[in-house]
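K.L.:
Quick one: sequence plus predicted model below, questions after.
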Amino acid sequence: MRVSIDAERCQGHGRCFNLAPDVFGFDELGNGVVLVVEPADERTRRLATIAEVNCPEHAIALDD
Amino acid sequence: MTNEPVVDFATDWDHTDPRWVQDPYPIWADLRERCPVAHTDRYGGAWFPVTHAGVTAIATDTEHFTSRTVVIGNGRPMEEAPPAPIGVAPPISSDPPFHQIARRLILPAFAPGPVRQLEPTVRALCRRLLDDLGGRAVVNGGTEYAQHIPSAVICRMLGFPESDEARFGEFVHVVLEGVNHPVDERIEEFAPIEAYFDEQIEDHRLRPREDLTSYLLNVEVAGQKLAVEHVRGTMVLILVAGIDTTWSAIGSSLWHLARHPEDLARLVEEPDLMPIAVEEFLRFYAPVTMARLVKRDADLLGCPMKEDDWILLGFPAANRDPTVFADADRFIVDRLENRHLAFGLGIHRCAGSNLARMELRVAIEEFIARYPTFTLEDPGAVTWSQGQVRGPRHLPLRVSA
């Protein structure tokens, strides 16, 4: 799994870093940033998946 | 003042109608079946998209819709000539490209870092408010608890005297609930609010402090300080948008928990569930509806929209759209998939969302820690705010036997 955020789409709702703080962080404006690009274990991958299905702007991509 | 009763919400809706104020969800569900965009001639002409797709299309289209004003009223705001497109309350009332400049000025203050630093203060405040309830069996969860949390936080952030907090409720009420008053009455009602903010600005000019007001007075864009209208507009925005909204979200969440002991018990037993549950409170009871104006005549969403028609941008209605949310009308405390629009969508995403979410979570955590079981004392006595922010105002909760 490869985690990315489309910075053009992200509007800083903060859903990713609230629900999956191990995978996502934030910048000084509050936009999301990816902390763990390739989650190594099942738990972290699950957190990334939860973040993805909560992003109102569809800004998170999880690629194989 | 009460408007004429609505006969059909599809062709003559009014968001101040008592039935809408009391329980809007069945009205929206019915509209969603019959017409994806409802219309009314009230307020000089207005449209109301009820679906997630319709709300999304408008929220992300700054080409056809302006945010010049985001609260529907009987008048229309003046269009400002460039190069000073400040709007009444930047950045919420600003369009691109000025919007981004005004927004970037305030985002850092509401970013997750500063908000986390506020959390211990908010927690202490909640505990003090609970202490002050003095062990009474029945309390007003709205005016004795929920209201004070964002009021105190915003008061502190703007650097206003703590003793003025009591006045903010009235300010917010005027701005957000007097929407169906005639235009000349509205202008009169706003005067004392503007005077209050001018006093605060003057006081901060004389005695600069470490707060948002002093920051706005001193910050420079392209080597220039902000116009005083910009400073005052942003201060009004922060106060109005920062208080009623979060107060409503906290109140609605308590109202829910008082009526759903199974959800209350689950949150008491599983505190780790709170971040997920908070998002469901926000989806299900999203307090904020925004507005837009149509920029020029155009056929949009299949409707013949005219310049200066209002759009009621119902994020709470989008959050109940069954084509996007499974079991949309059911509150699911552990709902995992939840792309709710409680904080809007697109470039105007609520600038205070990190603060609001933290206040909501801490307010609920502290309330249920103090009162692990509580019920609604008198369901018929609960009253709801009218206008574009929805939340319980009178909320009698029985917190002990």
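P.N.:
In hand now; what should we look at?
K.L.:
Please enumerate the strands of the chain.
P.N.:
In the absence of a named chain, chain A is used. For chain A, strands defined by DSSP state E occupy the ranges A:2-5, A:24-26, A:32-34, A:60-63.
K.L.:
try chain B instead
P.N.:
Under DSSP E, chain B gives strands at B:37-40, B:46-49, B:65-66, B:138-140, B:220-221, B:224-225, B:290-294, B:298-300, B:303-305, B:310-313, B:375-376, B:383-384, B:392-394, B:396-398.
K.L.:
Which residues of chain A lie near chain B?
P.N.:
By the rule CB under 8 Å from any CB of the partner chain, the part of chain A lying against chain B is A:11-15, A:17-19, A:26-30, A:50, A:53-58. Placement of C-beta: from N, CA and C, glycine included.
K.L.:
contacting residues around B:Leu217?
P.N.:
B:Ile201, B:His204, B:Arg205, B:Pro208, B:Lys225, B:Leu226, B:Val231 (CB atoms under 8 Å, 6 or more residues apart in numbering or on different chains).
K.L.:
List the buried residues for stretch B:278-297?
P.N.:
B:278-295 (16 or more other CB atoms under 10 Å in any protein chain shown).
K.L.:
how about a markdown table for the strands of chain B, with mean pLDDT and distance to B:Arg104 added?
P.N.:
Below are these laid out as a markdown table (pLDDT from 0 to 100; distance: least, CB to CB, whole Å):
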| stretch | mean pLDDT | distance to B:Arg104 |
| --- | --- | --- |
| strand B:37-40 | 98 | 33 |
| strand B:46-49 | 98 | 29 |
| strand B:65-66 | 94 | 20 |
| strand B:138-140 | 97 | 39 |
| strand B:220-221 | 94 | 9 |
| strand B:224-225 | 96 | 15 |
| strand B:290-294 | 96 | 20 |
| strand B:298-300 | 95 | 29 |
| strand B:303-305 | 97 | 31 |
| strand B:310-313 | 97 | 23 |
| strand B:375-376 | 98 | 43 |
| strand B:383-384 | 96 | 35 |
| strand B:392-394 | 96 | 35 |
| strand B:396-398 | 98 | 41 |
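K.L.:
For B:Gln22, give me its contacts.
P.N.:
When contacts are taken as CB under 8 Å, 6+ apart, B:Gln22 is in contact with B:Trp384.
K.L.:
Tell me the spacing between it and B:Gly380.
P.N.:
11 Å (CB to CB, to the nearest Å).
K.L.:
ditto for B:Ala59
P.N.:
According to CB to CB, B:Ala59 stands 36 Å off from B:Gly380.
K.L.:
in chain B, which helix or strand is least confident?
P.N.:
Sorting the helices and strands of chain B by mean pLDDT, DSSP states H and E puts helix B:165-177 at the bottom, at a mean of 85.
K.L.:
what's the burial count for the nearest residue to B:Ile368 once chain neighbours are set aside?
P.N.:
Using CB to CB, 6 or more residues apart in numbering or on different chains and skipping the chain neighbours, the partner closest in space to B:Ile368 is B:Val268 (5.5 Å). As a burial measure, B:Val268 scores 15 neighbours (other CB atoms under 10 Å in any protein chain shown).
K.L.:
repeat for A:Asp6
P.N.:
13.
K.L.:
Would you mind confirming that it is in contact with A:Ala59?
P.N.:
Yes - between A:Asp6 and A:Ala59 there is a contact under CB atoms under 8 Å: 4.8 Å.
K.L.:
now the helices for the stretch 301-401 of chain B?
P.N.:
B:315-318, B:353-370 (DSSP state H, counting those that start in this stretch).
K.L.:
Distance of A:Ala61 relative to A:Val33?
P.N.:
Applying CB to CB, the value for A:Ala61 to A:Val33 is 14 Å.
K.L.:
do the same with B:Val278
P.N.:
22 Å.
K.L.:
And for A:Ala48?
P.N.:
13 Å.
K.L.:
Restricting to C-alpha, output whichever helix in chain A runs longest in CSV.
P.N.:
When chain A is parsed with DSSP state H, its longest helix is helix A:42-52. C-alpha atoms of helix A:42-52 as CSV (Å, rounded to 0.1, in the frame of the first residue of the first chain):
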residue,chain,number,x,y,z
GLU,A,42,-2.0,-4.6,9.1
ARG,A,43,-3.1,-2.2,11.8
THR,A,44,-1.5,0.8,10.2
ARG,A,45,-2.9,-0.1,6.8
ARG,A,46,-6.3,-0.3,8.4
LEU,A,47,-6.0,3.2,9.8
ALA,A,48,-5.0,4.5,6.4
THR,A,49,-8.1,2.9,4.9
ILE,A,50,-10.3,4.4,7.6
ALA,A,51,-8.8,7.9,6.8
GLU,A,52,-9.4,7.4,3.1
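K.L.:
which strands and helices sit next to that helix?
P.N.:
Applying 3 or more CB pairs under 8 Å, 6 or more residues apart in numbering or on different chains; DSSP states H and E, one finds that helix A:42-52 contacts helix A:15-19, strand A:60-63.
K.L.:
give me every residue that touches the residue of the stretch 151-300 of chain B found nearest chain A.
P.N.:
Closest residue of the stretch 151-300 of chain B to chain A, CB to the nearest CB: B:Pro275 (5.6 Å). Residues near B:Pro275 by CB under 8 Å, 6+ apart: A:Asn18, A:Leu19, B:Arg361.
K.L.:
burial count for the closest residue to B:Asp41 other than its chain neighbours?
P.N.:
Once flanking residues are discounted, B:Asp41 sits nearest to B:Asp12: 7.1 Å by CB to CB, 6+ apart. Neighbour count of B:Asp12, defined by other CB under 10 Å: 16.
K.L.:
circling back to that earlier point, more neighbours, B:Ala59 and B:Gly380?
P.N.:
Neighbours per residue, other CB under 10 Å: of B:Ala59 and B:Gly380, the larger number sits with B:Ala59, 24 against 7.
K.L.:
Could you check how many residues crowd around the residue nearest to the more buried one when sequence neighbours are not counted?
P.N.:
Spatially, and ignoring its direct neighbours in sequence, B:Ala59 is nearest to B:Leu345 (4.3 Å; CB to CB, 6+ apart). Number of residues near B:Leu345 (other CB under 10 Å) recorded here: 23.
K.L.:
Please tell me how far B:Leu345 sits from B:Val153.
P.N.:
25 Å.
K.L.:
Flag every residue of the stretch 101-250 of chain B that's near chain A.
P.N.:
So far as CB under 8 Å from any CB goes, the stretch 101-250 of chain B lies against chain A at B:Arg104, B:Leu107, B:Pro108, B:Phe110, B:Ala111, B:Pro112, B:Gly113.
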